[in-house]
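Undergrad: give me a model of this one.
(chains A, B, C and D)
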There are 2 protein chains.
Amino acid sequence: MSTRAYGEPVTEPRWLDEKQARAWRGYRRMRALLDLQITRDLAADSGLSDADYDVLSNLSETSPHRLRLTELATTMLWSKSRLSHHLTRMQQRGLVDREECAGDARGSIIVLTEAGLRAIEEAAPHHVASVRRHMIDLLTDDEIAALDALTHRVVTHLNETT
Amino acid sequence: MSTRAYGEPVTEPRWLDEKQARAWRGYRRMRALLDLQITRDLAADSGLSDADYDVLSNLSETSPHRLRLTELATTMLWSKSRLSHHLTRMQQRGLVDREECAGDARGSIIVLTEAGLRAIEEAAPHHVASVRRHMIDLLTDDEIAALDALTHRVVTHLNETT
DNA sequence: ACGCCCTTGTTGACATGTCACCAAAAGAGC
DNA sequence: GCTCTTTTGGTGACATGTCAACAAGGGCGT
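TA: Predicted coordinates for the structure are as follows:
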């Protein structure tokens, strides 16, 4: 006979075993600490926030340094609202600009300005050094390979989960 | 003779090689997608935010279900200010309570309420299932071990960087 | 052309996080 | 006991993120 009391879930939850729990907690802690450190480095070296850097980085990787707002939002996994607000602030600082979209009067094309380009070009070397120092250079080749494989599998799964 | 122009950095930045870049981008993307998904699951299953869950989880893991604010903040890597604000909101929802600290009149002891305990106990199984579904169960034993080793090494390094 | 529905980007209200500052109390040195 | 410094937790102003609603335009069928 079952010992399950009224209201208890039918299936006993499958808790994480010790190794899984260690890995999960380690991931969470690394995530938090790495974020703090990289944010600090970025602000100290370049006066940019993570969000600023991401926007500039994505824009600078396109050929004519411009993207539709929706496209940029999708790439960055941001809501259009969040991006619009953030771009307004970056525009006031002269890092990006908005252009009208030929062929779609609703459209807003986000352009990397000269100042924005300079900002990301100056920030990038410091940022890469920071990423190396606090993570990449601490890993073996095998670990880099494992991280690559594992993260891409999880990403694929999450993309399919819509 | 050097071709370094005036103002250029003395040392050429060591960019990431292809494998490192793939791993780094994969990590960043997994981080973002996993966050979104787990936040969604948590809200849908339990009506809690990530922040709520973290607070409740840390409190529930202590013996008498209470912690000094500073201690909790340190454990969570949050600022005292952020924690204080968040606790005020959680207190209004009845999930936690503040007690005076015997022996230190400045002190604020954060207590998990009955409602808070119920909330975390109901949320936990769903949350673990979510973590499994979107990450842990997608990894091999070797990958779990690699993740464990790698994250703890990075965490140790970051802790030493003060 | 017209009606209909979808997409686009923005906005304002509100939730949350950050930062600088503060009062009160604890702790250290004398 | 008495300064002086540090720690503690909180607060308000402000920066940032979320959410729902919106106006304006595109695209489609007829």
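Undergrad: so after the longest helix belonging to chain A, what's the next helix or strand?
TA: Identified as the longest helix of chain A according to DSSP state H is helix A:18-46. Downstream of helix A:18-46, the first helix or strand assigned by DSSP states H and E is helix A:50-60.
Undergrad: now check that next one, is it near DNA strand C?
TA: No - using CB under 7 Å from any atom of the strand, helix A:50-60 never reaches DNA strand C; the gap is at least 10.6 Å. From N, CA and C alone the C-beta is placed, and that goes for glycine too.
Undergrad: buried residues in that helix, which are they?
TA: By neighbour count on 16 or more other CB atoms under 10 Å in any protein chain shown, the buried set for helix A:50-60 is A:A51, A:D52, A:Y53, A:D54, A:V55, A:L56, A:S57, A:N58, A:L59.
Undergrad: for chain A, what lies in contact range of DNA strand D?
TA: With CB under 7 Å from any atom of the strand as the criterion, chain A meets DNA strand D at residues A:49, A:51, A:78-79, A:81-82, A:85-86, A:89, A:103-106.
Undergrad: helix or strand next in line after the helix or strand hosting A:A119, which one?
TA: According to DSSP H and E, A:A119 maps onto helix A:114-134. Per DSSP H and E, helix A:114-134 leads on to helix A:141-160 as the next helix or strand towards the C-terminus.
Undergrad: could you say what helices and strands that following helix packs with?
TA: Helix A:141-160 sits against helix B:18-46, helix B:114-134, helix B:141-160, with contacts defined as 3 or more CB pairs under 8 Å, 6 or more residues apart in numbering or on different chains; DSSP states H and E.
Undergrad: same list, the ones you listed, but as a markdown table with mean neighbour count, mean pLDDT and distance to A:D41 please.
TA: Compiled in a markdown table, the helices and strands packed on helix A:141-160 are given as follows (neighbours: other CB atoms under 10 Å in any protein chain shown; pLDDT from 0 to 100; distance: least, CB to CB, whole Å):
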| stretch | mean neighbour count | mean pLDDT | distance to A:D41 |
| --- | --- | --- | --- |
| helix B:18-46 | 17 | 97 | 15 |
| helix B:114-134 | 17 | 96 | 29 |
| helix B:141-160 | 17 | 97 | 12 |
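Undergrad: what does chain A put close to DNA strand C?
TA: With CB under 7 Å from any atom of the strand as the criterion, chain A meets DNA strand C at residues A:68-70, A:80-81, A:84-85, A:87-88, A:98, A:101, A:104, A:106-109.
Undergrad: nearest to DNA strand C: which residue in chain A?
TA: Closest residue of chain A to DNA strand C, CB to the nearest atom of the strand: A:T70 (3.0 Å).
Undergrad: is it correct that that residue is in contact with A:K80?
TA: Yes - contact status for A:T70 versus A:K80: in contact at 6.2 Å, counting by CB atoms under 8 Å.
Undergrad: state the distance from the residue of chain A closest to DNA strand C to A:I110.
TA: In this view, A:T70 and A:I110 are 10 Å apart by CB to CB, to the nearest Å.
Undergrad: try A:A73
TA: Here A:A73 is placed at a distance of 10 Å from A:I110 (CB to CB).
Undergrad: okay, these two: which has more neighbours?
TA: Between A:A73 and A:I110, counted using other CB atoms under 10 Å in any protein chain shown, A:I110 has the larger neighbour count: 26 against 19.
Undergrad: tell me the spacing between the more buried one and B:E143.
TA: Applying CB to CB to A:I110 and B:E143 gives a distance of 38 Å.
Undergrad: could you do A:M90 as well?
TA: Counting by CB to CB, the gap from A:M90 to B:E143 is 38 Å.
Undergrad: repeat for A:T39
TA: A:T39 is 28 Å from B:E143, by CB to CB.
Undergrad: list the contacts for A:L95?
TA: Listed by CB atoms under 8 Å, 6 or more residues apart in numbering or on different chains, the contact partners of A:L95 are A:D52, A:V55, A:L56, A:L112, A:T113, A:A115, A:G116, A:A119.
Undergrad: mind doing that once more with 7 Å?
TA: A:L56, A:T113, A:A115, A:G116, A:A119 (CB atoms under 7 Å, 6 or more residues apart in numbering or on different chains).
Undergrad: again with A:A23
TA: B:I144, B:L147, B:D148.
Undergrad: out of the buried residues of helix A:50-60, which is nearest to A:D17?
TA: Among the buried residues of helix A:50-60, A:D54 lies closest to A:D17 (CB to CB), at 35.7 Å.
Undergrad: nearest spatial neighbour of that closest one, skipping sequence neighbours?
TA: Counting by CB to CB, 6 or more residues apart in numbering or on different chains, A:M76 is the residue found nearest to A:D54 once chain neighbours are left out, at 6.0 Å.
Undergrad: wait, the one you found sits on A:N58?
TA: Yes - using CB atoms under 7 Å, A:M76 makes contact with A:N58 at a distance of 6.2 Å.
Undergrad: identify the spatial nearest neighbour of A:D52, chain neighbours not counted.
TA: Spatial nearest neighbour of A:D52, chain neighbours left out: A:M90 (6.5 Å); criterion: CB to CB, 6+ apart.
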